[in-house]
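Asks: this is a predicted model, with the sequence first.
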Amino acid sequence: MKGANAQEPRRRKAGSISAMVIVALMAIMALMGATVDVGTLALAKARMQAACDFAALDGANVGFAGTDAAAWASGSQFFRDNMDNSGATTITSGSTIDDNNTADHPNGQQYTVGAYTVQVKHPYTDTAMAAVGYNSTYLCYVSASRSVPLPFLSVLGISSATVSARAVALNQGATGGHMAIFAHDSNASNNAINYTGSGGLIQGNMHGNSMAHNTGSAHHITGWWEYVNSAAEGSATVDGGWVLSTVKAYPVTFTLAQFQPYTYVINGDYTFGSNTTVPPGVYYVKGDVSCTGSGSVGNGVTFIAEGNIKISGSNNTFTSSKLNMLFWSLGISTHGVYQIDMSGSGANFNGWAYAPGLKATYTGSSTALWTGCVYAEDVDISGSDFTFTGNGPGDNTSAQGKLVE
């Protein structure tokens, strides 16, 4: 009996150890189960985010070319197809959405896509998008959410969790097209394009690599105004919208060899006054080019100057001779603020002004006409009642959407 009693503490100890092992194994299994459930949530989130990204891109592309309703429907279908490539999941349209902060009302649609609640909005804006300067017309928003069951964590009372994702995409169309004004200055503190005066019409797109500044009244730009950093929009009508862009290189570059042999080489300044008929050809001027009178005509001319080019007066008419080039300042012996200075009332120019790394200004008034493009480091535009029709090269392909959130 004494020996049997001696074994009892050992049995109790062994039983205690077995219970501790069971508890430890249960804890390990619970931890492993929780890890599985957390992994399930992460996978669901990743798949949902990818589907939202693709749906927003599709909605932005469709919305740019079509209607808002087409963007909503296509975005929901794209979400479904990225979650279920068999296309078997049912899409049910719900209520329309009106954020009351865009020009279009309503601006979205809610859908039930299988187990997912999906919202597609086009146009779209929010505080963050507005702060950056994105035009709501070209933004598409897609959000999705669903409840994901958690079988292992349910033993701890957590049977499910809601997973959600969202994306915003932008498609602002062709960001080049026919270029009217291109300003290369990327200094964040400078106004690459400064537009003052009143009543000017610019038919084409404008791009500046730094700030955009617009004052005056009744300006009308039929294309885009692209800028970097910030824009003082003023009261201009910009049909293509204000577009936050990135720093870009000059769309065109030239070499002197492309214009050689020169028709005329002038050692010094080339100056002419009123009612002068300038013979056609390519002029290489080792100084300034200056026209201060009125009524002068140069059909089929290209001026390449080592110094400044200044055309003022009224009713002067010049058309380009070669490669669309009308005025090119090389900046070898320039002086003053502007290296190309075009002004005067009733003027008619047809061709490009080219001043890489230099400043250019255009002051038109009284039905002044210019068909061409200005490529310069900084560009100032002023005057009133002029029409500038851009024909410079740009990116003529429609831009595909890009994710901005």
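Replies: Now that the structure is in, tell me what you want to look at.

Asks: drop to CA atoms for contacts and neighbour counts, all remaining ones
Replies: Will do.

Asks: tell me where the stretch 101-250 of the chain has strands.
Replies: For the stretch 101-250 of the chain, the strands defined by DSSP state E, counting those that start in this stretch occupy 108-113, 116-121, 139-149, 160-170, 179-183, 191-195, 201-203, 205-208, 211-214, 220-221, 225-227, 231-232, 237-238, 242-244.

Asks: tell me what the first one is packed against?
Replies: Contacts defined by 3 or more CA pairs under 8 Å, 6 or more residues apart in numbering; DSSP states H and E place strand 108-113 against helix 68-83, strand 91-97, strand 116-121.

Asks: quick one: closest of those to F303.
Replies: Relative to F303, the nearest member of those by CA to CA is helix 68-83, separated by 49.2 Å.

Asks: who touches that closest one?
Replies: For helix 68-83, the external contacting residues (CA atoms under 8 Å, 6 or more residues apart in numbering) are 47-48, 50-52, 54-56, 58-63, 87, 89, 91, 107-109, 111, 113, 118-123, 142.

Asks: which parts of it are buried?
Replies: 68-69, 71-83 (16 or more other CA atoms under 10 Å).

Asks: how does the chain divide into domains?
Replies: 18-170, 179-390 (automatic domain parsing).

Asks: rank those by pLDDT, which is bottom?
Replies: Among these, domain 18-170 carries the lowest mean pLDDT, a mean of 82.

Asks: that domain: how far from the chain's middle?
Replies: Here domain 18-170 is found 25 Å from its chain centre; the criterion is CA atoms, centre = their mean, to the nearest Å.

Asks: where's the residue most central in space within the chain relative to N187, distance?
Replies: With distances taken as CA atoms, centre = their mean, S245 lies nearest the centre of the chain, 4.1 Å away. Noted for S245: a distance of 14 Å to N187, by CA to CA, to the nearest Å.

Asks: need the longest strand for the protein.
Replies: Counting residues, the longest strand found in the chain (DSSP state E) is strand 348-365.

Asks: following it, which helix or strand shows up next?
Replies: Using DSSP states H and E, the helix or strand that follows strand 348-365 towards the C-terminus is strand 369-384.

Asks: how about that next one: buried residues?
Replies: 369-384.

Asks: check stretch 221-235 too.
Replies: 221-231.

Asks: residues in contact with that stretch: which ones?
Replies: With CA under 8 Å, 6+ apart, stretch 221-235 has contacts from 133, 175, 186, 188, 201-219, 236-247.

Asks: ok, the closest residue to N324 other than its chain neighbours to L201 distance?
Replies: Closest residue to N324 apart from its sequence neighbours, by CA to CA, 6 or more residues apart in numbering: G351 at 5.0 Å. Look at G351 and L201: by CA to CA, they are 17 Å apart.
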